[in-house]
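Peer 1: give the three-dimensional model of this entry:
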Amino acid sequence: MTVADAPVAVYAALDDHVAAGVAALEAAGFRVVQAGSDDPAELAAAAGDAVALLVGYGRVDEAVLRALPGLRVVSLISQGHDNVDVAACARAGVQVAHLPPVATEEVAVHAWALTLAAVRQLPFFDRASRSASTWASRPRAIPRRLSGLEVGIVGTGRTAAAYAGLAGGHVAALRSWSRSGRPLAGATPVADLHELLATSDVVSLHLPLDDETQGIVDDAFLAAMRPGSWLVNVARGGLVDPAAVARALDSGHLAGAALDVLDKEPAAPGHPLVARDDILLTPHTAWLSAESELAYVVEQAANVIAWLQTGAVTHPVLP
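Peer 2: Residues are numbered from 1 along each chain as shown. Sure thing, here's the model as predicted:
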């Protein structure tokens, strides 16, 4: 097979750390194009004959499918697939693959680190320590003893289980809630979400984003939370209504929030949460480590290679 005859795999708007994936795809017989864009027109211009699309958090919908008529596989660089119109892909005969759980430890550790940094008010004290005039300043919400805090976990998947393992033995109580009612090792299951919220000093989100969970953290959710509590989110930004969080912070009902994800990334100017001192933000990096960064790229490419060799991706979104 000549290079001209090789099947084409196109990378959308992924960063520059995809060399291992590119090498694996080329070794498997693909011609690889790095379009560097999620825009359908730019994808079509770069690789209109692509059979495989490797994408990050860009939208994959009817417009992309029309732009790439020969597309047969979409491979994501995450476990979440809320950015893909899976039904449209299925109608078009396009397989959608996501990643196996290659960063469970990293995400759980990040969530626990955000929890500790938030309740200990580390961002405030970091800023205060840099000037003699603010050295003795105290935050609005004075840190509380960790062993006296009650933690509620919303969701009971792998990351939630790892987070529970980190928190267990360090806090006064650990409770969990899930839509399925599935229990979480080390946590007391609670059947009613509002009961969990009302009895938690920290609420940590570990849910997928779908039609049911979109904007689940709204005014009613936040009002049900214990006064002076903290919200932690390393799952999906779309779970949280940022304006509702801002209102809860302004009223003093929430002590603060620690977020690795936002509803729109990167945040646009004027976003209601990014300029606040009572919000701890990290830029969607809960998954990041040297090990996971390599695994993400390699596993994403492996799904495409499996499709070429067997006709089926290894980790399909739909069985």
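Peer 1: for stretch 176-193, C-alpha coordinates in CSV please.
Peer 2: Provided in CSV are the C-alpha atoms of stretch 176-193 (Å, rounded to 0.1, in the frame of the first residue of the first chain):
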residue,chain,number,x,y,z
SER,A,176,-22.8,8.6,49.1
TRP,A,177,-25.7,9.0,46.7
SER,A,178,-26.2,7.7,43.1
ARG,A,179,-29.0,7.5,40.7
SER,A,180,-28.8,3.7,40.5
GLY,A,181,-28.6,3.3,44.3
ARG,A,182,-25.3,1.5,44.0
PRO,A,183,-23.4,1.6,47.3
LEU,A,184,-19.8,2.9,47.7
ALA,A,185,-17.3,1.0,49.9
GLY,A,186,-16.5,3.0,53.0
ALA,A,187,-19.5,5.4,52.6
THR,A,188,-23.0,5.2,54.1
PRO,A,189,-25.5,5.1,51.2
VAL,A,190,-28.2,7.8,51.3
ALA,A,191,-31.4,7.3,49.2
ASP,A,192,-32.4,10.9,49.0
LEU,A,193,-30.0,13.4,47.4
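Peer 1: for this structure, longest helix please?
Peer 2: helix 290-310 (DSSP state H).
Peer 1: which parts of the stretch 101-250 of the chain are helices?
Peer 2: For the stretch 101-250 of the chain, the helices defined by DSSP state H, counting those that start in this stretch cover 104-119, 122-128, 158-167, 193-198, 219-224, 242-251.
Peer 1: who touches the second one?
Peer 2: Residues from elsewhere that reach helix 122-128 (C-beta atoms under 8 Å, 6 or more residues apart in numbering): 116, 117, 134, 135, 136, 137, 139, 277, 280. (Each C-beta comes from the backbone N, C-alpha and C, glycine too.)
Peer 1: for residue 22, which of the helices of the stretch 101-250 of the chain is the nearest?
Peer 2: Judged by C-beta to C-beta, the one of these that comes nearest to residue 22 is helix 104-119, at 23.4 Å.
Peer 1: tilt between the closest one and helix 290-310?
Peer 2: Helix 104-119 runs at 140 degrees relative to helix 290-310, counting by axes from the mean of the first three to the mean of the last three C-alpha atoms, to 10 degrees.
Peer 1: contacts for helix 104-119, please.
Peer 2: With contacts defined as C-beta under 8 Å, 6+ apart, helix 104-119 is touched by 122-123, 143-144, 146, 149, 151, 158-160, 162-163, 165-167, 201-202, 204, 206, 230, 232, 234, 256-260, 280, 282, 285-289, 292.
Peer 1: may I have that helix as CSV, with CA atoms only?
Peer 2: Output in CSV follows, covering the C-alpha atoms of helix 104-119 (Å, rounded to 0.1, in the frame of the first residue of the first chain):
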residue,chain,number,x,y,z
THR,A,104,-8.8,7.2,38.1
GLU,A,105,-6.1,7.7,40.6
GLU,A,106,-5.1,11.1,39.3
VAL,A,107,-8.7,12.4,39.3
ALA,A,108,-9.5,11.1,42.7
VAL,A,109,-6.3,12.5,44.2
HIS,A,110,-7.0,15.9,42.5
ALA,A,111,-10.5,15.9,44.0
TRP,A,112,-9.2,15.2,47.5
ALA,A,113,-6.4,17.7,47.1
LEU,A,114,-9.0,20.4,46.0
THR,A,115,-11.1,19.4,49.1
LEU,A,116,-8.1,19.9,51.4
ALA,A,117,-7.0,23.1,49.8
ALA,A,118,-10.5,24.5,49.9
VAL,A,119,-11.4,23.7,53.5
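Peer 1: in it, what's buried?
Peer 2: Judged by neighbour count using 16 or more other C-beta atoms under 10 Å, the buried positions of helix 104-119 are 104-119.
Peer 1: tell me the mean pLDDT over that helix?
Peer 2: When pLDDT is averaged along helix 104-119, the result is 98.
Peer 1: give me the angle between it and helix 158-167.
Peer 2: Using the same axes, to 10 degrees: helix 104-119 against helix 158-167 is 50 degrees.
Peer 1: i'd like the first residue to be 6 from this point on
Peer 2: Okay, residue one is now 6; in that scheme the one you just asked about reads as helix 109-124.
Peer 1: mind checking the SS state of residue 263?
Peer 2: Using DSSP: H, G, I helix; E, B strand; the rest coil, the structure places residue 263 in strand.
Peer 1: distance check, it against residue 20.
Peer 2: Plainly put, residue 263 is 24 Å away from residue 20 if you go by C-beta to C-beta, to the nearest Å.
Peer 1: cool, and residue 323?
Peer 2: 28 Å.
Peer 1: give me the distance between the longest helix of the chain and the centre of its chain.
Peer 2: The chain centre lies 19 Å from the centre of helix 295-315; the measure is C-alpha atoms, centre = their mean, to the nearest Å.
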